[in-house]
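Engineer: pasting the structure only:
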């Protein structure tokens, strides 16, 4: 291993060595060897062995600290004299890491062995022999579709056509390899993905192929063999059942839903949510915990709840009581949910091997999202031929038990496997593909390339407040000429979307709100008069012409907290939470086909937006500024611009005059482009007010005479650029 991979150990050693809790700034100064820091001088910390042990910038050290905190190697502890002031201390997990470093092994780059797929001349001859059957596909896709290898791993990057390849391979197996379609099982995760696969396969005349989600596959097996698994009638849990069970549990515990909510959630987690929304999250979290223990093949154990402080102890006791009641009630009344279906199907197959269906070919979609129980089911089915498709870059469900190590370790499990990597993105423009490649460069995964040469349309926008950010977003949506189903708005937290949704309601903007358990987003849908709110997780696999990614601050990416306290109460699967957050950011950006707007309020964006990415966002701005500068220079001798010439000649060193000249040239160019009078873009009075006040942000443009929100939304960025 490289020394750099273990540099984080120096941070843990420093916290272990410093005899008191410290803040981020002090720790960063200590690690970088800043002896001028008064606290370091006062406490003689420069005498400690860890002093000056990292040759990183302050920002780089703070990012490492945040990563270790997010992954519970460092804890935040309130100081006795001020409960609102928190300091950093090493955790027991962090001390264990010093003795036996394991955390670095969770990085994708450490585990991913990328072998470039070679296309031989023999391959090309074979492709040609299939004529029109393969004519619409690139060489890597062709190889994935027709390869005869028994075990195949297809690493399919964002927008690379993985569903197309998977369904086309099914067609190849049936039509060219004479495989009985009933002997093929294609399995995925969501009903939507299943419906898409069914539609594509059936359109090719293949009606008998088994296409299922893990859930639907298990449900069908259990219905056929119910008498072997259950001693009474058992049915699938309904939403109404969930509500009744939760209410009964709270009544048995002698508490109310309102009291349970105030016990379970912090005031910050309750912000911007209705009591109904909070009740739904609480209920879902209770069932999540039951499923979590069931997947681990454990009974609900109070010891697996971590006791951090009094608030969490009370909440953990509440959750333990409710989850225990849920489990007992479901057993007594013959109810099962997804976790039961998986576990009961596995039990059936282990105890009645003759009931294991015999498939010659199994194809699995989204393999980066599988968990240990799903892997166990696939191992039991034990098909001779396995074709799996997935993308480690888009592994974003570690919080609910998914384990990216299964796709990364497929080659080790099946040494005879063939690996085909699809790297050609058909969704996004070249600038967007370059941007998303840069966003996960630290993960050391192969870059995607693109066939789409559309020009850059990337914007990184800073606002003085969230309200200003929302105003911009709403104005952009209302001004857009795109079909509404070609606009997505994505956010990291439900809180942001709740606030935005409330604003839209107040302004009579019709919309439908959707969210899943952990993340949040919005999707402008095809109904033309309504806006849906979905989630980054829920939007995965979808695409739109224009994507807004809002709230891109370091509080949200990576998300420091959770809207689901239970995730912090139990010892969830070990994975690199910061890296998964970075992948979530990647997934959000990669939904965009042509236009991407990333917005944030406050002084700094998320550190996921690297300096290299910032340059990519500013490329168009720099080109515009250069163009306008050239226009101003070349026009100085042009008799069509006498006033401009006069200003430049008499006040060539005056920045105000340069700004006025640039603004007027820009205004003239737009008036010609849109064939409207120049004053309708900006009046002279507005230009002089801009130069007089020299606004530095979108928010400060509000004080300019003659600039309303519509003009600020349309021209604000260019104005700020021209006077900067």
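Structural biologist: Structure's in. What do you need? Worth saying up front: this structure is predicted, and the values here are computed from it rather than measured.
Engineer: how many neighbours does the closest residue to residue 150 other than its chain neighbours have?
Structural biologist: Closest residue to residue 150 apart from its sequence neighbours, by Cβ to Cβ, 6 or more residues apart in numbering: residue 385 at 4.9 Å. (Glycine included, C-beta is placed from N, CA and C.) A count of neighbours around residue 385, defined by other Cβ atoms under 10 Å, yields 19.
Engineer: Now do the same for residue 385: its pLDDT.
Structural biologist: pLDDT for residue 385: 97.
Engineer: so it bridges to which residues?
Structural biologist: Under DSSP bridges, the beta-bridge partners of residue 385 are residue 361.
Engineer: check contacts around it.
Structural biologist: Shown in contact with residue 385 (Cβ atoms under 8 Å, 6 or more residues apart in numbering): 150, 151, 360, 361, 362.
Engineer: Give me the buried subset of these.
Structural biologist: Buried members of these, counted by 16 or more other Cβ atoms under 10 Å: 151, 361, 362.
Engineer: Distance-wise, check the second one relative to residue 188.
Structural biologist: When distances are taken as Cβ to Cβ, to the nearest Å, residue 361 and residue 188 turn out to be 15 Å apart.
Engineer: next one: the first one
Structural biologist: Using Cβ to Cβ, we find residue 151 at a distance of 19 Å from residue 188.
Engineer: ditto for the last one
Structural biologist: Noted for residue 362: a distance of 12 Å to residue 188, by Cβ to Cβ.
Engineer: Give the residues shared as contacts by these two.
Structural biologist: Common neighbours of residue 362 and residue 188, counting by Cβ under 8 Å, 6+ apart, are absent.
Engineer: returning to what we had before: now render the buried ones among the contacts of residue 385 as TSV, adding distance to residue 462.
Structural biologist: Converted to TSV, the buried ones among the contacts of residue 385 look like this (distance: Cβ to Cβ, whole Å):
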residue	distance to residue 462
151	49
361	52
362	49
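Engineer: so which of these comes closest to residue 35?
Structural biologist: residue 151 (58.0 Å; Cβ to Cβ).
Engineer: What are the boundaries of the strands in the stretch 501-650 of the chain?
Structural biologist: 511-513, 520-524, 531-533, 544-549, 592-601 (DSSP state E, counting those that start in this stretch).
Engineer: Just the residues contacting stretch 557-564, thanks.
Structural biologist: With Cβ under 8 Å, 6+ apart, stretch 557-564 has contacts from 66-67, 70, 268-269, 281, 285, 288, 492-495, 517-518, 568, 577-578, 581-582, 584-585, 606, 608.
Engineer: ditto for stretch 120-133
Structural biologist: Stretch 120-133 is contacted from outside by 134, 139, 142, 143, 146, 172, 176, using Cβ under 8 Å, 6+ apart.
Engineer: in the chain, which residue is closest to the centre?
Structural biologist: Closest residue to the average C-alpha location of the chain: residue 584 at 1.7 Å, with Cα atoms, centre = their mean.
Engineer: and that one, what is it in contact with?
Structural biologist: 396, 492, 519, 536, 557.
Engineer: Likewise for residue 18?
Structural biologist: So residue 18 contacts 27, 30, 45, 48, 50 (Cβ under 8 Å, 6+ apart).
Engineer: out of the contacts of residue 584, which is most surrounded?
Structural biologist: Neighbour counts for the contacts of residue 584 (other Cβ under 10 Å) peak at residue 492, which has 28 neighbours.
Engineer: Just the pLDDT for the closest residue in space to it that isn't next to it in sequence.
Structural biologist: Distances taken as Cβ to Cβ, 6+ apart place residue 556 nearest to residue 492, at 4.0 Å, with adjacent residues excluded. pLDDT, residue 556: 90.
Engineer: same deal with residue 633?
Structural biologist: If you check residue 633, the pLDDT there is 45.
Engineer: Could you pull out the buried residues of the helix or strand harbouring residue 281?
Structural biologist: Using DSSP states H and E, residue 281 falls within helix 275-295. Of all the residues in helix 275-295, those buried under the rule 16+ other Cβ under 10 Å are 278-295.
Engineer: Ok, stretch 72-82 next?
Structural biologist: Neighbour-count burial for stretch 72-82 [16+ other Cβ under 10 Å]: 72, 73, 74, 75.
Engineer: Widest-spaced pair of the residues you listed?
Structural biologist: Most distant of those, by Cβ to Cβ, are 73 and 75, 8.5 Å apart.
Engineer: Can you identify the element that follows the worst-scoring helix or strand of the chain on mean pLDDT toward the C-terminus?
Structural biologist: The weakest-scoring helix or strand in the chain, judged by mean pLDDT, DSSP states H and E, is helix 642-650 (a mean of 33). Where DSSP H and E defines the elements, the next helix or strand beyond helix 642-650 is helix 655-674.
Engineer: and the next helix-or-strand element following that following helix, what does it pack onto?
Structural biologist: Elements were assigned by DSSP H and E; along the chain past helix 655-674, the next helix or strand is helix 684-693. Using 3 or more Cβ pairs under 8 Å, 6 or more residues apart in numbering; DSSP states H and E as the contact test, the elements touching helix 684-693 are helix 655-674, helix 709-723.
Engineer: Let me have these in CSV, extended by mean neighbour count, mean pLDDT and distance to residue 427.
Structural biologist: Listed next are the helices and strands packed on helix 684-693 as CSV, based on neighbours: other Cβ atoms under 10 Å; pLDDT from 0 to 100; distance: least, Cβ to Cβ, whole Å:
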stretch, mean neighbour count, mean pLDDT, distance to residue 427
helix 655-674, 18, 81, 29
helix 709-723, 18, 81, 25
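Engineer: Ok, which of the ones you listed comes nearest residue 453?
Structural biologist: With respect to residue 453, and counting by Cβ to Cβ, the nearest of the helices and strands packed on helix 684-693 is helix 655-674 at 22.8 Å.
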